[in-house]
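Enquirer: using only what follows, build the 3D model:
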Amino acid sequence: MITTESRPTAAASEALVRAFFDAYRRQDVDTMTDLCSDNADFSYVPYEVWGKQRVLRGDGKVKTVGKTIWTGLVNSFPDLTNTVHTVDANDAGDVVVTCDIGGTQQLAWGLAEPRGKGFSEPHLFVFHVDDAGEIDRISAYWDGAGINRQLGHLEVD
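Expert: Reported below is the predicted structural model:
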């Protein structure tokens with residue numbers, strides 16, 4: 001957490017988001033959520049899990065939906081990691097990150113049965129850092145079909 005009286009600089013926002021990805025690489029979900037405000041918004045745009053009577057989507061709050069998704073990912077992919085390629089920040093608190101996220105599946109993830117296959121897929125993250133120096137919004141985008149193909153999970157309607 002950044003402790004300043006004024007809006008964090010672009011450099012401070014970038015450092016905060018890099019700390020988030022360092023925690024993600026260590027699979028430290030508690031630290032990932034601690035870097036976020038209590039009411040931080042969360043949107044994993046391509047995330048959907050279809051059930052018999054409902055569809056779960058990756059939209060909500062970091063400390064509820066986000067933490068649950070991250071914990072599930074770490075459990076299903078015990079070697080889950082990320083490689084950050086670019087981090088672009090501005091003085092308005094916007095931070096955009098391109099990275100690859102990947103791992104080897106050991107437990108079921110959504111509807112994908114574990115086959116011991118791995119994935120590595122480019123991701124785009126858009127963060128916002130608030131005036132208190134905490135992440136108050138996370139959105140992420142990726143090709144879910146690409147991940148499913150790599151894991152050997154093909155859905156047919």
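Enquirer: following element in sequence after the helix or strand of the chain with the lowest mean pLDDT, please.
Expert: Least confident helix or strand of the chain, by mean pLDDT, DSSP states H and E, is strand 55-61 with a mean of 86. Using DSSP states H and E, the helix or strand that follows strand 55-61 in sequence is helix 67-76.
Enquirer: tell me how many other residues crowd residue 19.
Expert: By the criterion of other C-beta atoms under 10 Å, residue 19 has 15 neighbours. Backbone N, C-alpha and C define where each C-beta goes, glycine included.
Enquirer: what's the per-residue pLDDT of the closest residue to it other than its chain neighbours here?
Expert: Leaving aside its chain neighbours, residue 19 sits nearest to residue 35 (6.2 Å; criterion: C-beta to C-beta, 6 or more residues apart in numbering). Here, the pLDDT recorded for residue 35 equals 98.
Enquirer: mind listing what residue 35 touches?
Expert: 1, 16, 19, 20, 23, 134, 135 (C-beta atoms under 8 Å, 6 or more residues apart in numbering).
Enquirer: quick one, which of those residues are buried?
Expert: Those of the contacts of residue 35 that meet the buried threshold are 16, 20, 23, 134, 135, by 16 or more other C-beta atoms under 10 Å.
Enquirer: just put the residues you listed in a markdown table and tack on secondary structure and distance to residue 155.
Expert: As requested, those are exported to a markdown table (DSSP: H, G, I helix; E, B strand; the rest coil; distance: C-beta to C-beta, whole Å):
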| residue | secondary structure | distance to residue 155 |
| --- | --- | --- |
| 16 | helix | 37 |
| 20 | helix | 31 |
| 23 | helix | 32 |
| 134 | coil | 37 |
| 135 | strand | 32 |
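Enquirer: widest-spaced pair of those?
Expert: 23 and 134 (13.8 Å; C-beta to C-beta).
Enquirer: contacts only, for residue 108.
Expert: Shown in contact with residue 108 (C-beta under 8 Å, 6+ apart): 76, 114.
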